[in-house]
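Enquirer: Requesting a structural model of the entry that follows:
(one chain, ligands or ions: 2)
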Amino acid sequence: MIQLNFDNRFLRELPGDPDPRNRVRQVLGACWSPVSPTAVSAPSLVAHSREMAFALGIDAAAMRSRPLVDVLAGNALLPGMFPYATCYGGHQFGNWAGQLGDGRAILLGEVVDRDGQRWEIQLKGAGPTPYSRHADGRAVLRSSIREFLCSEAMHHLGVPTTRALSLIGTGDPVERDMFYDGRAADEPGAIVCRVAPSFTRFGHFEILAARNEKALLAKLVDFTIDRDFPELAFSQDATTGQRLAVWFNEVCRLTALLVVHWMRVGFVHGVMNTDNMSILGLTIDYGPYGWVDNFDPGWTPNTTDAAGKRYCFGHQPEIARWNLARLADALSLLLADPAPLAAALDGFGETYAREAEKMFAGKFGFKAWREGDADLVNEAFELMLLAEADMTDFFRQLARVGFASDPAQAAPEILRGAFYRDDYYRQFQPALSAWLQRYFARLAQDEQTPDERSENMNRINPRFVLRNYLTQQAIEKAEQGDPSLIHELLDVSRDPYRDQPGREAFAAKRPDWARHKAGCAMLSCSS
Ligand code: AMP
Ligand code: MG
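Expert: Ligands and ions are numbered 1, 2, ... in the order given. Coordinates of the predicted model:
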């Protein structure tokens, strides 16, 4: 018997929608609506995360058992589960979009694990809710594989993220027009069970402010501080304004740290709308995300974003700040003087700049960031962009250059494999050699052996990221009924910073056939 300890504070402490009908509507004066998952016809467990199961106290046998598979498919509930969907709004691509809400996510409750850690459990793709607008509440296998694998890969990379417990095939078809060209087709349906300490988004606050529901906004802020930020200390006599400022400052800090991680590993979220921004600074809502192959700050994986490139790799810090400013707008409704919010936003910029310097110093193998490093680092990125170097491979090879007997001579050849096109490599080789001369001069300023340096670099520069083309291959196989590549990618992603002998293929840079292929180079929002 699976026994989880539920303590559903969100339901208990925040007002719910009194209307029990599962009908699309505007939900006023409430943070959530009761709604049951819609049953599916033939659920099967395609994959699961043993780490997440372990954290929740679910053993391997229970994980595969019929009763639990039924729960993870939305066909049954465990004692203590009360399903609901939450109300949020958001700014999408820069514009206020009104009420959005959990349109296809249904929360099952909050589990408190044996260490006292709280986890919200949520099924994504479990059927319509009052927030489904014109859509069906379902998810297809391809996008569910992407969310499942990437959540866990990010966790193992040390990037703050929501987690994934399970991937269920529903046995039901889901109709999607993948390329928005009128050629809708049936695809296999799936459900991911997502897990996070909190799924609260910026948009949860924005919707209440947009509706001028001031008392409820204040209540949600208090609840969030209390439940999700227990480590924040306040003096006894702190005013509402002071509490709010301290908390928002922390949200800014966590968001800055998150984006520094994304820039470190080459992750592009793809849809940084404010409804996809976690209050805890977690990566949330894996849609048309992508991993940078050839380094390019202008790259966006999202086809909807191809023209504007609002959410491209290099814009992420700036967009995070813009999103925080929208959250500040919402919170300012509670303050007579919004100056502390503006100060916190400035704090975002400062934290980001400081942490990004630390991160880049680490990526290049400097002991600490020094005056003048910015030029050297920027020139390397410029070169990587123009000469098409693979972001992941370049830094792993850079960790090796110090070992050669004549490093300056040998280094370009060591780095050669990181470039996508040999003609570009040859064209830029003189510039690369010149850069390497300066790089070695810079390294000489640090007291560090090549061994120490490469070890440190390999702890921050991953060898394995969830390359877009690999996931696409796993999807194509799974759609033919063979999920083995999902399991293998999950396993590779468990140890992303170490060489894994025999698994070199999973670190290989994007092959030519994947350069412009849908699912590998670009992704539609249809999911
Ligand atoms: P996204 O851009 O995927 O973050 O989604 C934006 C909004 O659309 C959220 O409110 C989602 O819950 C909702 N949504 C996306 N896909 C579906 C779907 N298939 N059914 C219902 N709601 C959806
Ligand atoms: Mg979303």
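Enquirer: From the chain's centroid, how far away is the helix or strand containing residue 394?
Expert: According to DSSP states H and E, residue 394 maps onto helix 391-398. Chain-centre distance of helix 391-398: 22 Å, with CA atoms, centre = their mean, to the nearest Å.
Enquirer: Tell me, how many residues neighbour residue 309?
Expert: 15 (other CB atoms under 10 Å). All C-beta spots, glycine's among them, are computed from the backbone N, C-alpha and C.
Enquirer: Help me confirm that it is found in a strand?
Expert: No - judged by DSSP: H, G, I helix; E, B strand; the rest coil, residue 309 forms no part of a strand; its state is coil.
Enquirer: Excluding chain neighbours, what is closest to it?
Expert: residue 300 (5.2 Å; CB to CB, 6 or more residues apart in numbering).
Enquirer: The one you found is in contact with residue 314, isn't it?
Expert: No - if you go by CB atoms under 8 Å, residue 300 and residue 314 don't touch, sitting 9.7 Å apart.
Enquirer: one step back: please work out which residues outside the helix holding residue 394 touch it.
Expert: The contact list for helix 391-398 (CB atoms under 8 Å, 6 or more residues apart in numbering) reads 266, 291-295, 363-365, 384, 414-415, 417-418, 457-458, 461-463, 465, 507, 509.
Enquirer: swap in stretch 245-256?
Expert: 160, 221, 224-225, 229, 232, 234, 238, 277, 279-281, 317, 320, 323-324, 327-328, 331, 340-341, 343-345, 347-348, 351-352, 355.
Enquirer: again with stretch 292-303
Expert: Residues contacting stretch 292-303 (CB under 8 Å, 6+ apart): 266-268, 270-271, 287-290, 306, 309-315, 381, 384-385, 388-391, 394, 420, 467-468, 509-510, 521-525.
Enquirer: One more pass at 7 Å, please.
Expert: 266, 268, 270-271, 288-290, 306, 309, 311-314, 381, 384-385, 388-391, 420, 467, 509-510, 522-525 (CB atoms under 7 Å, 6 or more residues apart in numbering).
Enquirer: and ligand 1, which of the residues you listed reach it?
Expert: Taking CB under 6 Å from any ligand atom as the test, ligand 1 is in contact with residue 271 out of those.
Enquirer: Indicate the residue of the stretch 1-150 of the chain located nearest to ligand 2.
Expert: residue 100 (7.3 Å; CB to the ion).
Enquirer: ok now do that residue, which residues does it touch?
Expert: 88, 89, 90, 131, 203, 275.
Enquirer: Look at the third one and say how many residues are nearby.
Expert: For residue 90, the neighbour count with other CB under 10 Å is 24.
Enquirer: rewinding a little: what distance do you get for the residue nearest to residue 309 to residue 469?
Expert: 17 Å (CB to CB, to the nearest Å).
Enquirer: of the two, who's got more company?
Expert: The residue with more neighbours, out of residue 300 and residue 469, is residue 300; 26 against 20, by other CB under 10 Å.
Enquirer: wait, isn't residue 262 in contact with residue 317?
Expert: No - counting by CB atoms under 7 Å, residue 262 stays clear of residue 317, with 8.9 Å between them.
Enquirer: Does the closest residue to ligand 2 within the chain belong to a helix, a strand or coil?
Expert: Ligand 2 sits closest to residue 285 of the chain, with a gap of 3.9 Å, by CB to the ion. With three-state DSSP as the basis, residue 285 sits in coil.
Enquirer: From residue 282, how far out is the closest residue to it other than its chain neighbours?
Expert: If the residues on either side of it in the chain are set aside, residue 285 comes closest to residue 276, at 4.3 Å by CB to CB, 6+ apart. Here residue 276 is placed at a distance of 11 Å from residue 282 (CB to CB).
Enquirer: and if you look at residue 506?
Expert: For residue 506, the distance to residue 282 - CB to CB - is 25 Å.
Enquirer: Of those two, which one has the most company?
Expert: residue 282 (23 against 19).
Enquirer: Any figure for the gap between the more buried one and ligand 1?
Expert: Distance, residue 282 to ligand 1, by CB to the nearest ligand atom, to the nearest Å: 14 Å.
Enquirer: and that residue, backbone torsions?
Expert: Phi and psi for residue 282, reported as degrees, to the nearest 10, are phi -100, psi 150.
Enquirer: and what of residue 127?
Expert: Taking degrees, to the nearest 10 as the convention, residue 127 sits at phi 110, psi 170.
Enquirer: so what's it closest to, chain neighbours aside?
Expert: Per CB to CB, 6+ apart, closest to residue 127 is residue 38, 2.9 Å.
Enquirer: count of neighbours near that neighbour?
Expert: So residue 38, with other CB under 10 Å, has 17 neighbours.
Enquirer: tell me the contacts of it?
Expert: Taking CB under 7 Å, 6+ apart as the test, what residue 38 contacts is 74, 126, 127, 128.
Enquirer: For the one residue in the stretch 301-450 of the chain that gets nearest to ligand 1, give its distance to residue 270.
Expert: For the stretch 301-450 of the chain and ligand 1, the shortest gap (CB to the nearest ligand atom) falls at residue 304, measuring 9.3 Å. To residue 270, residue 304 is 9 Å away according to CB to CB.
Enquirer: quick revisit: give me the buried subset of the contacts of stretch 292-303.
Expert: 266, 268, 270-271, 288-290, 311-314, 381, 384-385, 388-391, 420, 467, 509-510, 522-524 (16 or more other CB atoms under 10 Å).
Enquirer: what about the residue in the chain positioned nearest to ligand 1, which SS state?
Expert: The minimum distance from the chain to ligand 1, using CB to the nearest ligand atom, falls at residue 103 (2.4 Å). Three-state assignment for residue 103 (three-state DSSP): coil.
Enquirer: so what does the helix or strand of the chain with the lowest mean pLDDT touch, helix or strand wise?
Expert: Here the helix or strand of the chain ranked lowest by mean pLDDT, DSSP states H and E is helix 407-415, holding a mean of 91. Using 3 or more CB pairs under 7 Å, 6 or more residues apart in numbering; DSSP states H and E as the contact test, the elements touching helix 407-415 are helix 391-398, helix 422-443.
Enquirer: State the phi and psi torsions of the nearest residue to residue 370 once chain neighbours are set aside.
Expert: Excluding its sequence neighbours, the residue lying closest to residue 370 (CB to CB, 6+ apart) is residue 445, at 7.2 Å. Dihedral pair for residue 445: phi -80, psi -20, per degrees, to the nearest 10.
Enquirer: do residue 44 as well
Expert: Dihedral angles (degrees, to the nearest 10) for residue 44: phi -140, psi 150.
Enquirer: Quick one: residues in contact with stretch 104-121.
Expert: 4-10, 35, 37, 55-57, 74, 80-86, 122-126, 129, 132, 135, 137-139, 193, 195-199.
Enquirer: how long is that stretch from one end to the other?
Expert: When the termini of stretch 104-121 are compared using CA to CA, to the nearest Å, they are 14 Å apart.
Enquirer: what residue ranges in the stretch 1-150 of the chain score low on pLDDT?
Expert: Within the stretch 1-150 of the chain, no range satisfies pLDDT under 70.
Enquirer: Kindly report the residues of it close to ligand 1.
Expert: 100, 101, 102, 103, 104, 131, 132, 135, 136, 137, 138.
Enquirer: out of the contacts of residue 100, which one sits closest to residue 42?
Expert: Among the contacts of residue 100, residue 131 lies closest to residue 42 (CB to CB), at 26.8 Å.
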